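# next one to model:
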Amino acid sequence: MNLFWQGNKKLLRFQVTRSNCGLVILISISILTLGVIPIGKSVVKISQEQVDMSMSESRLWKVYRWSVDPYLRRKAAFLLVAKSEKSFLRKKRLLSSQGWGSEPLAAVAVKLQAQTAMSLGEDLRAISLWKELLRRFPDTASSADAYYILGRKNKSLRKLLLEKHPAHPAALASALEMQGNSRNAYLGALHLAQWGARWHGAKNVIFRACLSGRNILSNDEIRILASALAELGLGSSAIDCLKDVKLTPKTKVVVGQALLKGNKYEKQLGLELLRNLILENPNLSESSLALRSLASAAQVDRSLIESLPDSFAKDSSILAVEKIRLSLDSEPLKVLKRWQKKDVAWELQWELTRDALLNRRWNKALVFLKAIPIENLPQPIAVRNEFWRAFLADKIGSTSEAQNIWREIINTYPPGYYTWRAAIRLEQEDYMNLILDNRGKYIIAHLEEESLEGLESKNKLVNELWKLGLVNESWETWRSLYLNQNIDEMQPMDLVVDGRLRIAVGDEWNGLGNLFLASVRSVKEDDISEKILHRSQYPVRFLDEILFVSRKTNLRPELILAIVKQESRFSSTVVSSMGAIGLMQLMPLTAQEVFATNLDSESLFMPKINLLLGASYLKNLIERWDFNPLLAIASYNAGPSKVSEWFSSEIFSDPELWIERIPYPETRIYTKKVLGSIWSYMNLEN
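Okay, the predicted model is just below:
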């Protein structure tokens with residue numbers, strides 16, 4: 001009995017124990033399930049995120065490590081690479097295994113892996129990766145660097161590079177290296193002339209090839225070299241290059257345009273070249289371009305117009321405008337209305353309006369302003385016309401209408417010269433204070449922000465690379481795709497994309513120029529984001545140096561930024577035709593006067609020295625003119641003695657009219673642009 005009971009007790013204990021184990025397992029599974037569900041939800045949430053440069057590094061790391069989407073992990077890796085400029089080992093780890101697939105981003109990954117290997121001194125691995133890139137992606141923009149690197153030992157690859165990616169920076173660098181007196185060297189110069197005349201060092205190569213290769217080059221090739229020199233503004237060099245070679249109509253236009261910007265002798269030569277083209281071939285499209293060039297240089301006269309056939313005059317907005325300027329047509333309003341969508345008509349409208357304003361003929365000025373509807377005008381011209389319409393309404397007694405228009409300007413248009421003047425007219429703002437005030441810390445903090453807006457190009461890959469922070473790859477892809485577009489033929493949206501990309505890779509000179517062209521060409525129907533276009537035109541560069549100089553001189557950093565933007569477009573190595581040097585375009589003699597010591601010209605190329613001297617000189621002008629911003633800024637351009645000659649009481653009663661009376665067009669435009677830039681930098685958040 002005892003044995004039976006003991007055996008059954010053991011069996012019961014075993015059953016109870018087994019039951020307890022099952023319960024423990026069941027409870028454990030339930031707990032694990034409850035834990036896995038939120039983790040799973042978190043992973044799903046991470047995999048659904050849209051990654052971009054605005055994300056924090058910690059968030060990007062989570063996506064990179066935990067996302068179940070390999071495409072998303074690769075994008076996170078690219079963004080982290082963009083934020084890890086100097087850490088090559090980190091880049092290597094991030095890019096590892098990201099070159100999978102056949103998409104263009106895979107090619108970018110392999111290229112970045114190869115570049116990182118080179119930076120780490122892993123030459124054999126880099127060569128292997130470059131070869132892989134050529135084998136898998138021979139036609140992508142990313143492969144251009146592979147053709148260049150591997151082409152050092154295989155010249156046939158360099159030839160393929162020039163053929164496949166002619167405008168890519170790698171191709172231009174390759175063409176620049178084709179030195180010597182062989183046919184191959186001249187082909188390098190020709191390539192630069194066609195695809196990258198503005199590439200650093202290209203000018204000298206093109207000019208040497210033109211002078212020394214006359215026995216090797218064909219006439220067509222010489223014309224290509226000469227046209228490139230002309231596009232660089234070297235009209236006389238282009239003529240020297242051509243010598244006895246017959247000019248085509250296209251070459252005549254390009255060379256003539258360059259000569260018109262030269263000295264007295266060159267201008268006369270350019271004038272004759274363009275006039276002869278128009279008279280000999282009036283029906284060619286090049287003749288219209290020639291006439292436009294002459295009109296821009298104020299070189300169209302009665303005899304030229306009377307020599308043109310009626311067929312030319314019938315469809316020429318340029319000729320119609322020139323007839324008004326020469327008083328050969330007495331109906332300007334008809335011309336303005338007929339050609340209201342042409343930029344030459346916008347220029348004529350402002351000339352007529354300004355003349356009426358300066359003669360205080362308010363009603364006549366108003367008639368001209370109303371001749372072209374605002375919706376047909378680019379934003380910078382529209383806001384100008386709206387401001388003066390309000391000004392005129394105020395002058396003829398319609399104060400309420402004037403104030404309503406000024407309010408609409410402030411609420412509708414981005415910050416600039418005319419929105420500032422509208423705010424002053426409405427007494428919403430005090431006169432612009434150029435001295436650093438107690439708001440400086442807030443302003444300076446805001447200047448450090450950069451725009452993260454999308455690029456909005458017509459190419460998906462260019463946009464995606466930009467979004468991922470790979471601006472060099474975005475730029476190189478853009479150049480490879482759109483090759484050598486003529487800037488005069490580019491659509492406003494393409495100019496915006498090109499300009500923003502150039503600024504992002506350090507080419508502020510051409511980038512800002514393209515953005516300005518976009519702003520004065522685009523109307524509402526172009527569907528360009530005014531916010532993006534405006535913000536892109538006000539980059540912040542050399543901030544540490546500018547803040548240092550701002551504290552030293554007690555000048556607002558926005559003032560220094562505005563002067564630098566206008567003087568040099570943030571190009572520290574630029575030298576003007578008059579010999580002005582660097583960021584603030586200082587003449588060596590002026591710099592010596594300010595610094596009271598001998599300075600060699602080379603030191604003026606150093607940003608901090610140039611900024612400090614320029615700002616010190618500017619502060620002297622501000623104090624000289626009792627802190628009046630208009631007089632100080634005009635003096636920085638034209639000199640204080642000239643501004644003294646122009647001084648009148650109108651600077652206090654109607655300062656906008658005083659600026660319009662400045663007899664030097666350059667100084668007039670300069671003063672308005674700098675004042676507008678100051679206001680824009682002060683209001684970047686708007």
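# what distance do you get for F391 to R384?
For F391, the distance to R384 equals 11 Å [C-beta to C-beta, to the nearest Å]. (C-beta placed from N, C-alpha, C; glycine too.)
# next, count neighbours for I563.
If you count neighbours by other C-beta atoms under 10 Å, I563 ends up with 25.
# my bad, S577
S577: 9 surrounding residues under other C-beta under 10 Å.
# what of M493?
For M493, the neighbour count with other C-beta under 10 Å is 18.
# and R223, how far is that from V575?
Taken as C-beta to C-beta, the span from R223 to V575 is 29 Å.
# so these two - more neighbours on which side?
R223 (23 against 15).
# contacting residues for the more buried one?
For R223, the contact set (C-beta atoms under 8 Å, 6 or more residues apart in numbering) comprises 242, 245, 247-248, 251.
# what about the helices in the stretch 1-150 of the chain?
2-47, 57-66, 70-82, 88-95, 104-119, 123-136, 143-150 (DSSP state H, counting those that start in this stretch).
# quickly find the element holding the residue most central in space within the chain.
Note on the chain: the residue nearest the mean C-alpha position is G511, at 2.5 Å, using C-alpha atoms, centre = their mean. According to DSSP states H and E, G511 maps onto helix 508-521.
# what's that helix packed up against?
Under the contact criterion of 3 or more C-beta pairs under 8 Å, 6 or more residues apart in numbering; DSSP states H and E, helix 508-521 touches helix 379-395, helix 492-504, helix 530-536.
# among those helices, which is nearest E401?
When these are compared by C-beta to C-beta, helix 379-395 sits nearest E401, at 4.5 Å.
# rewinding a little: so can I have TSV of the contacts of R223 showing pLDDT, neighbour count and distance to A146?
Shown next, in TSV, are these (pLDDT from 0 to 100; neighbours: other C-beta atoms under 10 Å; distance: C-beta to C-beta, whole Å):
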residue	pLDDT	neighbour count	distance to A146
L242	93	21	38
V245	92	17	38
L247	93	19	41
T248	94	14	38
T251	95	22	37
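# and the furthest pair within those?
Spanning the widest gap among these are L242 and T248, at 10.7 Å by C-beta to C-beta.
# would TSV of the contacts of R223 with secondary structure and distance to L229 be doable?
Formatted as TSV, the contacts of R223 follow (DSSP: H, G, I helix; E, B strand; the rest coil; distance: C-beta to C-beta, whole Å):
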residue	secondary structure	distance to L229
L242	helix	9
V245	coil	13
L247	coil	13
T248	coil	15
T251	helix	11
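# and the residues you listed, which is closest to L589?
Proximity of those to L589 was ranked by C-beta to C-beta; the top entry is L242 with 37.7 Å.
# and the closest one, how far is that from N463?
For L242 relative to N463 (C-beta to C-beta), the value is 42 Å.
# coming back round to it: pull the CA atoms of the helix holding G511 into CSV?
The C-alpha trace of helix 508-521 is given here as CSV (Å, rounded to 0.1, in the frame of the first residue of the first chain):
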residue,chain,number,x,y,z
GLU,A,508,29.0,81.2,-56.5
TRP,A,509,30.1,83.5,-59.3
ASN,A,510,28.2,81.7,-62.1
GLY,A,511,25.6,80.3,-59.8
LEU,A,512,24.4,83.6,-58.6
GLY,A,513,24.5,85.0,-62.1
ASN,A,514,22.2,82.2,-63.3
LEU,A,515,19.8,82.7,-60.5
PHE,A,516,19.5,86.4,-61.3
LEU,A,517,18.8,85.6,-64.9
ALA,A,518,16.1,83.2,-63.8
SER,A,519,14.5,85.9,-61.6
VAL,A,520,14.3,88.5,-64.4
ARG,A,521,13.1,86.0,-67.0
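# tilt between that helix and helix 492-504?
Counting by axes from the mean of the first three to the mean of the last three C-alpha atoms, to 10 degrees, helix 508-521 lies at 160 degrees to helix 492-504.
# residues touching helix 508-521, excluding its own?
With contacts defined as C-beta under 8 Å, 6+ apart, helix 508-521 is touched by 198, 343, 378-381, 487, 490, 492-493, 495-496, 498-504, 528, 533-534, 536-537, 539, 541, 565, 568-571, 574.
# off-centre distance for it?
Remark: helix 508-521 is offset 6 Å from the chain centroid, using C-alpha atoms, centre = their mean, to the nearest Å.
# for it, the averaged confidence score.
Mean pLDDT, helix 508-521: 94.
# mind listing what's buried in that helix?
508-519 (16 or more other C-beta atoms under 10 Å).
# can you check stretch 226-242 too?
Within stretch 226-242, the residues scored as buried using 16+ other C-beta under 10 Å are 226-232, 234-239, 241-242.
# do me a favour and get the end-to-end distance for that stretch?
By C-alpha to C-alpha, to the nearest Å, the extent of stretch 226-242 from end to end equals 6 Å.
# and if you look at stretch 110-129?
Stretch 110-129 end-to-end distance (C-alpha to C-alpha) = 7 Å.
# filter the contacts of helix 508-521 to the buried ones?
Buried subset of these (neighbour count, 16+ other C-beta under 10 Å): 378-381, 490, 492-493, 495-496, 498-504, 528, 533-534, 536-537, 539, 541, 565, 568-571, 574.
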